[in-house]
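Colleague: make a model of this:
(chains A and B)
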Amino acid sequence: MQDNQKSESTLQNEVAQLMVECLNLEVAAEQISPDTPLYGDGLGLDSIDILEISLAISKRYGLQLRSDGADNKQIFGSLRSLTTYIAAHRTL
Amino acid sequence: MTALPLLSHPRADSIVAYRADGAVTRQQFLSEVHQLASQLPDGQHLLNLCNDRYRFSVGLAAAILKNKISLLPPTQTPEVIRQIKQFAPDVFCLADSEQCAVDLPRFNYPAMAVSPPEEIAIPQIDCSQQIAIVFTSGSTGIPKPHPKTWAGLVDSVQFEAGRLGALDNATIIGTVPPQHMYGFESTVLMAWCNGFALSHTQPFFPADICDALSSVPSPRVLISSPLHLRTLLNAELAIPELAHVMSATAPLSEQLAHDIEARCSCPLTEIYGSTETGQIASRRPTQGPAWQLFPGIRWLIEKDSVRAAGLHIVPPVLMNDMIEPVADDLFLLHGRMADMINIAGKRHSLAGLNHLLNSLPCILDGAFYMPDETADVTRLAAAVVAPGINAETLLAALREHLDPVFLPRPLLFVDALPRNSTGKLPHSTLKALFQAHHPVWTVPLDHPTFAGHFPGHPILPGVVLLDEALHRIAQMHGMTPDRYEISSVKFTSPARPGDRLLFQQTTLPNGTMRFDITSGSRKIASGNIAPIP
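Modeller: Numbering: from 1, shown residues only, chains lettered A, B, ... in the order given. Presented below is the predicted three-dimensional model:
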């Protein structure tokens, strides 16, 4: 259980880092709180950013994001929900 | 009265669309259009917000039958919706999703019955009937209306289809929404007026695009934008067979055009137009840089202004791009006029953005800044003089009025803007301001100090790093760097060529200014800055 929690938080840091680098965000990865909304009032990402991140994620973790399957807004709801989705669907 | 048919599909069983449950015949489509038309509210104006492209097309056709005007605003922020309501107090919204949150009387897309057996005739639409009003974000903050007549729209999309070459029974798949001019013309009207079918989807991620393509038969035409096409290619998926790709909204690089044609084994046509004019020209970028005007369109050139005229463009429209006619109907494009911002196909006047920023009650002075374009998507920045307000509050206020793509990043808070004696802010001055404030510095691969520091093992000297930190942080706060010094420092990890360094500063409760330099998750250095005693 502890191992799971540890690997989840490692992945979370990795995804935060990926977002910061891929979008040139002006925050440090550790400053992105896991539950802050990525869209709108939170981190302020828009659909252009989401496309950029999705491409980086597909390359790094070998998964293809789709709008229909699960709710897109939900996956990109927060760093935590995005990490959970990646953990469940990654092939790399 | 001259009239043109709503559809050019020859038979009652011709396919006009593909939706989730399969093909829709002309007969079924017309039946659903009549069913919806008989139920629409009384208002003369509607905002058609159907996410599903097929339902959008039924809504548009039903509105046309009832002589209602579809309104197409540039965005759906609360402020724009208020302005649309002022423009047309009887406006209602047609929606097919529970999540539609716009503050307008709402009519939900209804369930439909199957079509009757007797053939429904194709409606004939008066050429001069006003079909739509498309809005641009004006320079004063009030959206500017551009009415579109049936004949004008039909002309544009027939010429557009002409540039596709001979394509029978094609299906149109669009990654762009039908609520904006390009998607409105290319994914809905072009299908109607040329006997094509339209796919109900609006795919977003690369895998969505591939799914949407494979769910309809060939020949397929993909209507898209540079942003979506680049992401599609980069995803390295197997792209289903395509007959043609069309791109608009933003300039497409020649390399991307070649890559698309190679990967999709089909021609790529780029469309040129504007909200005001609709589509007026096209080119095939792999065959040369020149654009060809659609038949009947011509330029009116006076001194340094170029206006488009001809066909439905009455009166002539001043173009926001730098246009150089080269021969007859050919021309070159040399970028935008300085005032026009285009971010991933969304346009806004820079003067309009500055007007908006300075009309917010909390702002004493403010200016947007568009960095020189280096990537596919360049973001706006802004500097403001706004004491007593934080970035979150200010961004929330802007979000009321602006599409999120125009929100500034970074947003700088300064004590004063470097206006010159006439009150102007030259681009070069703003550029210097933002470069100084940018908290990210990518260590150049060829920084002069790498020469001897150390051979084969380059590391940025600590003194260079500290100098960079002191100057950036001093400028962020409008301090004179000469009067401050680094009072303490700790180097944690070396900075190497190509590292992306983030400079951050916090003021501790006792007034000490602390700085942290990080590269990714690696701490590079941290320390304190104090005035020279």
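
Colleague: residue B:116 versus the closest residue to residue B:27 other than its chain neighbours, what's the distance?
Modeller: Leaving aside its sequence neighbours, residue B:27 sits nearest to residue B:12 (Cβ to Cβ, 6 or more residues apart in numbering or on different chains; 4.3 Å). All C-beta spots, glycine's among them, are computed from the backbone N, C-alpha and C. Using Cβ to Cβ, to the nearest Å, residue B:12 is found at 11 Å from residue B:116.

Colleague: rewinding a little: hmm, the residue nearest to residue B:27 is touching residue B:25, no?
Modeller: Yes - between residue B:12 and residue B:25 there is a contact at 6.6 Å, judged by Cβ atoms under 8 Å.

Colleague: follow-up on the earlier one: and residue B:12 and residue B:116? Which one has more around it.
Modeller: Applying other Cβ atoms under 10 Å in any protein chain shown to residue B:12 and residue B:116 shows that residue B:12 carries more neighbours, namely 16 against 10.

Colleague: OK, contacts around the more buried one?
Modeller: Residues counted as contacts of residue B:12 (Cβ atoms under 8 Å, 6 or more residues apart in numbering or on different chains) are B:25-27, B:119-120.

Colleague: longest helix in chain A, by number of residues?
Modeller: helix A:2-23 (DSSP state H).

Colleague: following it, which helix or strand comes up?
Modeller: Downstream of helix A:2-23, the first helix or strand assigned by DSSP states H and E is helix A:47-61.

Colleague: how far does that following helix sit from the chain's center?
Modeller: Distance of helix A:47-61 from the chain centroid (Cα atoms, centre = their mean, to the nearest Å) equals 9 Å.

Colleague: what packs against that helix?
Modeller: Packing contacts for helix A:47-61, counted by 3 or more Cβ pairs under 8 Å, 6 or more residues apart in numbering or on different chains; DSSP states H and E, involve helix A:2-23, helix A:79-89, helix B:206-214, helix B:226-234.

Colleague: now residue 52, nearest residue through space, not along the chain?
Modeller: No chain specified, so I'll use chain A. The shortest distance from residue A:52 to any non-neighbouring residue, by Cβ to Cβ, 6+ apart, is to residue A:22 (5.5 Å).

Colleague: my question was about chain B, not that one.
Modeller: residue B:200 (5.1 Å).

Colleague: who does the helix or strand bottoming out on mean pLDDT in chain A touch, helix- and strand-wise?
Modeller: Least confident helix or strand, chain A: helix A:72-75 with a mean of 76, by mean pLDDT, DSSP states H and E. Applying 3+ Cβ pairs under 8 Å, 6+ apart, we find helix A:72-75 packed against helix A:79-89.

Colleague: and the helix it packs on, what's buried?
Modeller: Using 16 or more other Cβ atoms under 10 Å in any protein chain shown as the test for burial, helix A:79-89 gives A:79-86, A:89.

Colleague: and stretch B:287-298, by the same measure?
Modeller: Buried residues in stretch B:287-298, defined by neighbour count with 16+ other Cβ under 10 Å: B:290-294, B:297-298.

Colleague: starting at the chain centroid, how far to that stretch?
Modeller: 23 Å.

Colleague: next one: stretch A:36-55
Modeller: Put simply, stretch A:36-55 sits 9 Å off its chain's centre (Cα atoms, centre = their mean).

Colleague: which ones are touching the closest residue to residue B:232 other than its chain neighbours?
Modeller: The shortest distance from residue B:232 to any non-neighbouring residue, by Cβ to Cβ, 6+ apart, is to residue B:206 (4.7 Å). Going by Cβ under 8 Å, 6+ apart, residue B:206 touches A:54-55, A:58, A:64, B:231-232, B:234-235, B:237.

Colleague: next: residue A:47.
Modeller: With contacts defined as Cβ under 8 Å, 6+ apart, residue A:47 is in contact with residue B:204.

Colleague: I'd like to know how far it sits from residue B:17.
Modeller: Look at residue A:47 and residue B:17: by Cβ to Cβ, they are 25 Å apart.

Colleague: one more: residue B:361?
Modeller: As for residue B:361, its distance to residue B:17 is 48 Å (criterion: Cβ to Cβ).

Colleague: out of these two, which sits in the more crowded spot?
Modeller: Between residue B:361 and residue B:17, counted using other Cβ under 10 Å, residue B:17 has the larger neighbour count: 26 against 7.

Colleague: how about the contacts made by that one?
Modeller: Contact partners of residue B:17, counting by Cβ under 8 Å, 6+ apart, are B:23-24, B:29, B:53-54, B:57, B:191, B:197-200.

Colleague: helix or strand for it, which one?
Modeller: In the assignment (DSSP H and E), residue B:17 maps to strand B:15-19.

Colleague: in that strand, what's buried?
Modeller: For strand B:15-19, the neighbour count (16+ other Cβ under 10 Å) marks B:15-18 as buried.

Colleague: mind listing what it pairs with, with the direction of each?
Modeller: Partners of strand B:15-19 in the sheet, by DSSP bridges, are strand B:22-25 (antiparallel), strand B:197-199 (parallel).

Colleague: which of those sits most buried?
Modeller: strand B:197-199 (a mean of 26; mean count of other Cβ atoms under 10 Å in any protein chain shown).

Colleague: tell me the secondary structure at the residue nearest to residue B:27.
Modeller: For residue B:12, the assignment made with DSSP: H, G, I helix; E, B strand; the rest coil gives coil.

Colleague: confidence score at it?
Modeller: Among the per-residue scores, residue B:12 holds a pLDDT of 96.

Colleague: ditto for the one 3 residues further on
Modeller: pLDDT, the model's per-residue confidence, is 97 for residue B:15.

Colleague: with residue B:169 instead?
Modeller: Turning to residue B:169, the model gives it a pLDDT of 91.

Colleague: element containing it?
Modeller: Counting by DSSP H and E, residue B:169 is part of no helix or strand.

Colleague: residues in contact with it?
Modeller: Each residue near residue B:169 by Cβ under 8 Å, 6+ apart is listed here: B:15, B:195-197, B:219.

Colleague: distance check, it against chain A.
Modeller: From residue B:169 across to chain A, the span is 26 Å (Cβ to the nearest Cβ, to the nearest Å).

Colleague: chain B contacts on chain A?
Modeller: A:13, A:17, A:20-21, A:24, A:26, A:28-30, A:40-41, A:44, A:46-48, A:51-52, A:54-55, A:58, A:64-68, A:72 (Cβ under 8 Å from any Cβ of the partner chain).
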